[in-house]
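Asks: Below are the sequence and a predicted model for it; my questions follow.
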Amino acid sequence: MSRPQNLEPGLSMQEGSPTGTGDEEAADGVQHSHRMLNFSDALLSIIATVMILPVTHTEISPEQQFDRSIQKLLATRIAVYLMTFLIVTVAWAAHTRLFQVVGKIDDTLALLNLACMMTITFLPFTFSLMVTFPEVPLGIFLFCMCVIAIGAVQALIVVYAFHSPHLLNPHIEGSAHRAHYRQHVLCVVLQGPALCFAAAGFSLFFYPASYVLMATVIFLPYLSKAASWCRGKLVGPREPPAHSVEYFTFDLHEPFSKERVEAFSDGVYAIVATLLILDICEDNVPDSKDVREKFHGSLVAALSTYGPHFLAYFGSFATVGLLWFAHHSLFLHIRKATQSMGLLNTLSLAFVGGLPLAYQQTSAFAQQPRDELESVRISCAIIFFASIFQFAIWTTALLHEGETLQPSVRFGGQEHAFMFAKLALYPCASLLAFVSTCFLSRFSTAIFHLMQIAVPFGFLLLRLLVRLALALLQALWALALPTDGSNHGAQSPLLPASC
C-alpha cells in the first residue's frame, strides 16, 4: 500500500464538506469540529502564556540586591517556565495531529475534549508549586499526573473515534486497515505520558531525573527521528510496511495546519498584551486613602508617581505589538509550516510569553535603580530570543521555499530584503542595547528606552531604508562592472529586474 496522500487534502475534506449534508449530520448529533478546535486553541494558548505569572510575581524586596541568589532563583524559574511552556505546546501539537485523524465530533467526543481541556487548565497551578518549591516532589508529581491524565483522555478520544468510524477523517474511515492506524495513533499519544509516568516515579526519590525526563518529552520527536536516521545508516533502510501508518505522527513530514499555527500564535500574543494591562490595573491604581492623605486629593499627582510604570507598559506593549506585526508579515508569505518551522515558532512564542517578566523588570527601575543593569540585560535577552527565532523561521522557510513560501515571494528580490530587514530589527536592536550596557553601564536605562523608541520608528521607515540600501547596492554593482561593454545589461544578483 502506498504512502497516504498529503495531509492537506484530508483537511480540506474535513473543513469544507458539502453543505447539503450539514443538516443531516446535525440531526444525527454529528458536526464538524471547527468551533471546538478554535476553543481548544484559545484555551491552550492562554494556559501556555499564564505560566509566566509565577515568574513575574517573584518577590524581590527593595532592600534586596540583585545578587547571585536572586539571579539563580530567576534563572531556575525561567528555565522551568520554558520547559512547561514547551510541554503545553507538545499537548497542542498532539491535539492538532489528533484532530487531523478525527474529522467530526458528536456530543460524547466534545465532552471528552472538555475533560482534556479541564485537565490542561490545572497545569498552571502545578507549575506554581514547582517554581515555588522546586526541590519538593509534590509539584513535579502533580504536573506529571496532569500530563498522564491528558494522555489518558486523548487515548479515550482515539478509542471512541475508531469505535465510531463515521467521526474519522474520510481517508482513514474508508481504509481497510483502521486497526493499524488506531494502534499507531495510541502509541504516539501515550509516548509523552509514559515518560511523565517515569518522571513522577523519580520525583519521589531523585527529582533531577524527573526534569530530564520531562524535557525529553519536548524533544522526543526529534530524538526518534535521529534514532531512525542512525539505524538506517547502520543496518540500512527498513522494508516499507505492508500497511502504511505514517499518516499521524509527531515527526510527520506533512506540515502543520497554517491556520491552527496562526490561531495559537495570535492567542499567545493577545494574552501577553492583556497580562501587561492587568498588571497596570492591579498595581498602579492609587489607593483612595493615599490620594487624600499624601496628595491632598489630587489624583493627577498620585498618578504621576507611576510614570515609569506607564512608560514601561507602553514600551512593552509596543514590543509585543511589533513582534506580532513581524509574525503576521512573516506568515503572509508562508504557505505551509514544516515541523522545524513549528519548533522555531514555539521557541519564539515561549520567549514572547516572557515579555511580562521584561515589563516587571523595567517598571521596577524607579524603585530599585541599583538593579537597572541586570533588569535591562534580562529584558534585552528576552526580546532578542523572541525575535531571533522569528528570523530563523524565515531563514528555514527560504531553505525549502518551493514547499513553504507563497509563489509570489519565491524568487527573492526586494520583498525578501524587506522581510529580512523587518525580522532583523529587534534582534539587532536588542543585541546592540545589551552590548552597549557592557561599556556604558551607567546609561543602561537610557539605552533601553532609546531602543524602545527607535525600533517603532525603524518599522515606519523600514521600506524607505531598504529601498535606499538596495539602490546603493545596485549603484555599487554598476560601478564594479567592466566598462568595455561586455557585460552590458548585467543585473545585480540582489535585485530583480523589476526593482
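Replies: Received it, and whenever you're ready, just let me know what you need.

Asks: Give me the buried positions along stretch 419-434.
Replies: 419, 421-431, 433-434 (16 or more other C-beta atoms under 10 Å). C-beta coordinates here come from the backbone N, C-alpha and C atoms, glycine included.

Asks: ok now that stretch, how far from the chain's centre?
Replies: 19 Å (C-alpha atoms, centre = their mean, to the nearest Å).

Asks: Look up the closest residue to A200, ignoring the ones flanking it.
Replies: Excluding the flanking residues, the one nearest A200 by C-beta to C-beta, 6 or more residues apart in numbering is C144, at 3.8 Å.

Asks: could you say what helices and strands the stretch of helix or strand the one you found belongs to packs with?
Replies: Using DSSP states H and E, C144 falls within helix 137-163. When contacts are defined as 3 or more C-beta pairs under 8 Å, 6 or more residues apart in numbering; DSSP states H and E, helix 137-163 packs onto helix 68-101, helix 107-121, helix 123-132, helix 178-203, helix 207-235.

Asks: tell me the angle it makes with helix 107-121.
Replies: Computed by axes from the mean of the first three to the mean of the last three C-alpha atoms, to 10 degrees, the angle separating helix 137-163 from helix 107-121 equals 160 degrees.

Asks: switch to numbering from 32
Replies: With the count now opening at 32, the last piece we talked about shows up as helix 168-194.

Asks: Any buried residues in helix 168-194, and which?
Replies: 168, 170-185, 188-189, 192-193.

Asks: Among the helices and strands packed on helix 168-194, which comes closest to F474?
Replies: With C-beta to C-beta as the criterion, F474 lies closest to helix 99-132 of those, at 22.0 Å.

Asks: Tell me who's in contact with I136.
Replies: If you count contacts by C-beta atoms under 8 Å, 6 or more residues apart in numbering, I136 has them with V61, Q62, H63, S64, M67, N144, L198.

Asks: Which of the residues you listed ranks first by neighbour count?
Replies: Highest neighbour count within the contacts of I136: N144, with 23 neighbours (other C-beta atoms under 10 Å).

Asks: the bottom helix or strand of the protein by mean pLDDT?
Replies: The weakest-scoring helix or strand in the chain, judged by mean pLDDT, DSSP states H and E, is helix 38-46 (a mean of 38).

Asks: Which of the helices and strands packed on helix 168-194 sits closest to F356?
Replies: So among those, helix 99-132 is nearest, using C-beta to C-beta, at 22.0 Å.

Asks: what's the angle from that closest one to helix 209-234?
Replies: With the same axes, to 10 degrees defining the directions, helix 99-132 sits at 160 degrees from helix 209-234.

Asks: ok, and for helix 99-132, which residues are buried?
Replies: Applying 16+ other C-beta under 10 Å to helix 99-132 flags 105, 108-109, 111-132 as buried.

Asks: and it with helix 238-266, angle?
Replies: Going by the same axes, to 10 degrees, helix 99-132 makes 50 degrees with helix 238-266.

Asks: following helix 99-132, which helix or strand comes up?
Replies: strand 135-136.

Asks: that older thread, my read is that the residue nearest to A231 contacts F233, right?
Replies: No. The criterion here is C-beta atoms under 8 Å, and C175 misses it with F233 at 9.3 Å.

Asks: which neighbours do those two share?
Replies: Counting by C-beta under 8 Å, 6+ apart, the residues touching both C175 and F233 are S241.

Asks: and the angle from the helix holding C175 to helix 154-163?
Replies: Per the same axes, to 10 degrees, the angle that helix 168-194 makes with helix 154-163 is 150 degrees.

Asks: chain center to the next helix or strand after helix 168-194: distance?
Replies: Using DSSP H and E, the helix or strand that follows helix 168-194 in sequence is helix 201-204. Distance of helix 201-204 from the chain centroid (C-alpha atoms, centre = their mean) equals 31 Å.

Asks: same check, this time on stretch 449-457
Replies: So, by C-alpha atoms, centre = their mean, the centroid of stretch 449-457 is 19 Å from its chain's centroid.

Asks: any idea of the mean pLDDT for that stretch?
Replies: The pLDDT scores in stretch 449-457 average 85.

Asks: Run through who's touching it.
Replies: Contacts of stretch 449-457 (C-beta under 8 Å, 6+ apart): 350, 353-354, 357, 360-361, 364, 414-415, 417-418, 421-422, 425, 440, 486, 489-490, 493-494, 496-497.
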